[in-house]
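In: I would like to see how this sequence folds:
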Amino acid sequence: MLHMPQDTPYLSTKAKQQNSYDAIVVGSGISGGWAAKELCELGLKVLLLERGREVRHPNYPTAGLAPWDFPHRLSLDRSDRERSPIQSRHYSYREDNKHFYIDDRENPYEEVKRFDWIRGDVVGGRSLLWGRQCYRLSDLDFEANLRQGIGVDWPIRYKDIAPWYDHAERFIGVSGNADRVPHLPDGKYQPPMAMNCVEEYFSSQVAAKFADRRVIMGRTANLTQPVKGRGQCQYRDLCHRGCPYGAYFSTNASTLPAAFATGKLTLKSGSLVNRVLYDRDDRGNKGGVHAKGRATGVEVIDRDTGKVEEYFARLIFLNAATLATAFILLNSRSERWPEGLGNGSGQVGRNLMDHHKSHGVSGIVPGFEDKYYYGRRPTGLYIPRWQNFSGEHRDYIRGFGYEGAASRAGGRAHSDAEIGSSLKDAAVEPGPWNISFSGFGECLPYQENRVILNTDKKDKWGRNTLSVDAEFRENERAMNRDMIVAMQEMLDAAGCKDIHAGAGMSFPGNANHEMGTARMGRDPRTSVLNGFNQLHEVGNVFITDGSFMTSSGSANPSLTYMAMTARAAHYAVEELKKGNI
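Out: Coordinates of the predicted model:
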């Protein structure tokens, strides 16, 4: 039985020495892998703790299997849905990669309102499962809260993070174009993947008929040229199984090998981090604003044995992903922190955001019957936000972008009228061209959207759980309606036929871009972290997963997590050297 901690949770001196490191990183996903790499390369002895099972590159169990090698031909059966009723709400949960996802039965949470908490449960986390779209935020995003008096102001601007975007893109390998969209800054790219003929046509039609809209090639963390230790994309479109070529960025193929190469990384999988340890009397520095005590380590439960162990470090990076990091902070209660570690502002767990998705708009593109394409390209088109820059009068603020692609439908082999040789001919005759898009829109930071520590319901290991109380509101609903209308306009302007729009919008969590819960800000009274992702009130704890986001923007956020993690790691090590941490 886990108990309410005291403020000085030390083991014996010998045990503490055996379990001590320079830095502890919690979580091995996109940001955690980056934290481990940067801290190791900066000379620190690092312990990387991951709750999930071991997965070592390039040994991904289903990467080379054909569809007929799976009992249900890539479909889920009843037992899959019973094991993971939450995970199976997401399109990416399939028979060929279900082993990467969490078991919902062992990891319950309360949905006060529906929230699709999609979670990996392996080393590498969702870096093995992400969509790999890489876009920079701009000052359109960083200044939005201040301009509109919403939430709190970001403590950084684009110039602060631009060099770290460069750093991240060069290392992970992002293919894309320099598109010269002012509010979607260009980066350091490998050669782009190519549009097919219908996509080129659609892009030209939109450019000709809508002065404010651009259709560009998706910027994706799939290599078009090999880099050290990784091969280029083979156009298999099996990224969700894990890539044995290392052709897309994942912790397993990229940051983890780099960290191991330093000889300074220890990885412990199957490690459930329950709370951060805190010593209110340990000042650990020369004075100043952080001379209030500091974190000394973490408490870990072995997921196989249930054994509780403590690990110690001078520096702690929390990268467990937004909701899990909020859990760790809220569960790190003590006499000094009755509402959770570093939660003097009361903002831990609040301001939970996720992008909202439309259910898609598609149409048939006449012509081009003599054209086809080769391979299975792992990215598509992107239409950056164009709404609400200046002067517009819409019924919502902020904006949205689209992801989409064009392809040819399958043949006529399903027709009852075909038999024998005509059936064979129909099977290889491609159908018409189709183009489709889904929108991703910004969610405002509402304080009422939050997670709360649930001490009444425990998980398999006896840990407290979370209650999630979040919803999209009228601003998001109005924006989502406009997503559908605007895409119908573009498809119609391009001459598409049989335009079909899906009804409704996603629930929070289902875009898999959850953010907030430990936001950055300038004032410790209204935010959790400073401009370097450092806890205002506990100076040796940093958070660089999606928790730190002060607003969501409309573009995919993972590249920002990577850049901010690298920036925070370099800052933290410099502060260690100066004796300020």
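
In: can you list the weak-confidence ranges in the stretch 301-450 of the chain?
Out: By pLDDT under 70, the weakly predicted segments of the stretch 301-450 of the chain are 411-418.

In: which stretches of it form helices?
Out: In chain order, the stretch 301-450 of the chain shows helices spanning 322-331, 421-428, with DSSP state H, counting those that start in this stretch as the criterion.

In: give me whichever of those is most buried.
Out: Most buried of the helices of the stretch 301-450 of the chain, by mean neighbour count (mean count of other Cβ atoms under 10 Å): helix 322-331, with a mean of 26. C-beta here means a position set from N, CA and C on the backbone, and glycine is covered the same way.

In: and it, how far out from the chain's middle?
Out: 16 Å (Cα atoms, centre = their mean, to the nearest Å).

In: show the contacting residues for the closest residue in space to Ile86 that isn't next to it in sequence.
Out: Beyond its immediate neighbours in the sequence, the residue positioned closest to Ile86 (Cβ to Cβ, 6 or more residues apart in numbering) is Asp104, lying 4.7 Å away. Asp104 makes contact with Arg83, Ser84, Pro85, Ile86, Gln87, according to Cβ atoms under 8 Å, 6 or more residues apart in numbering.

In: sorry, back to before: dump the helices of the stretch 301-450 of the chain to CSV, plus distance to Val227.
Out: Putting these into CSV (distance: least, Cβ to Cβ, whole Å) gives the following:
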stretch, distance to Val227
helix 322-331, 29
helix 421-428, 38
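
In: hmm, back to that, pick out the lowest-pLDDT one from the contacts of Asp104.
Out: Looking at pLDDT alone, these dip lowest at Arg83, where the score is 92.

In: quick check on the contacts of Asp104: which are buried?
Out: The neighbour-count criterion (16 or more other Cβ atoms under 10 Å) marks Arg83, Ser84, Ile86, Gln87 among these as buried.

In: now the first one: closest residue in space that isn't a chain neighbour?
Out: Distance criterion Cβ to Cβ, 6+ apart; nearest residue to Arg83, sequence neighbours excluded, is Asp103 at 5.9 Å.

In: show me the contacts for that neighbour.
Out: Arg83, Ser84, Asp121.

In: swap in Val174?
Out: Contacts here follow Cβ under 8 Å, 6+ apart; on that basis Val174 touches Cys134, Gly187, Lys188, Tyr189, Gln190, Arg219, Thr220, Ala221, Leu559.

In: and the two most separated of the contacts of Asp104?
Out: Arg83 and Ile86 (10.3 Å; Cβ to Cβ).

In: from memory Glu299 sits against Asn274, does it?
Out: Yes - between Glu299 and Asn274 there is a contact under Cβ atoms under 8 Å: 4.8 Å.

In: would you confirm that Trp164 belongs to a strand?
Out: No - Trp164: not assigned to a strand; according to DSSP: H, G, I helix; E, B strand; the rest coil it is helix.

In: state the number of residues packed around it.
Out: Neighbours of Trp164 under the rule other Cβ atoms under 10 Å: 20.

In: and for the one 4 residues further on?
Out: Other residues lying near Ala168 total 28 when counted by other Cβ under 10 Å.

In: so Val300 lies in a strand, does it not?
Out: Yes - with three-state DSSP as the criterion, Val300 is part of a strand.

In: begin at 51 from here
Out: Happy to do that; since the first residue is 51 now, the last one works out to Val350.

In: what's the nearest residue to it if we skip its chain neighbours?
Out: Among residues not flanking Val350 along the chain, Ser321 sits closest, at 4.8 Å (Cβ to Cβ, 6+ apart).

In: just the buried residues of the contacts of Val224.
Out: Members of the contacts of Val224 classed as buried by 16+ other Cβ under 10 Å are Cys184, Gly237, Tyr239, Gln240, Arg269, Thr270, Ala271, Leu609.

In: where in the stretch 51-200 of the chain is pLDDT low?
Out: Low-confidence regions of the stretch 51-200 of the chain, defined by pLDDT under 70, span residues 51-65.

In: okay, now the domains of the protein?
Out: Domain assignment for the chain by automatic domain parsing gives 51-225+299-398+564-631, 241-268+406-491+523-556.

In: give me the element Thr505 is part of.
Out: strand 500-508 (DSSP states H and E).

In: okay, the angle between the next helix or strand after that strand and helix 372-381?
Out: Once the chain leaves strand 500-508, the next helix or strand it forms, by DSSP H and E, is strand 514-519. In terms of direction (axes from the mean of the first three to the mean of the last three Cα atoms, to 10 degrees), strand 514-519 departs from helix 372-381 by 120 degrees.

In: how about residues contacting strand 514-519?
Out: 158-163, 165, 167, 373, 376-377, 381, 402, 498-505, 507-509, 559.

In: just the buried ones among those, please.
Out: So, by 16+ other Cβ under 10 Å, the buried ones in those are 159, 161, 165, 167, 373, 376-377, 381, 402, 499-501, 503-504, 509, 559.

In: could you single out the nearest of the contacts of Asp153 to Arg364?
Out: Within those, the smallest distance to Arg364 is 29.2 Å, found for Asp171 (Cβ to Cβ).

In: what about the closest one, distance to Glu389?
Out: Remark: distance between Asp171 and Glu389 (Cβ to Cβ, to the nearest Å) = 29 Å.

In: of those two, who's got more company?
Out: Looking at Asp171 and Glu389 with other Cβ under 10 Å, you find the greater number of neighbours at Asp171, namely 19 against 15.
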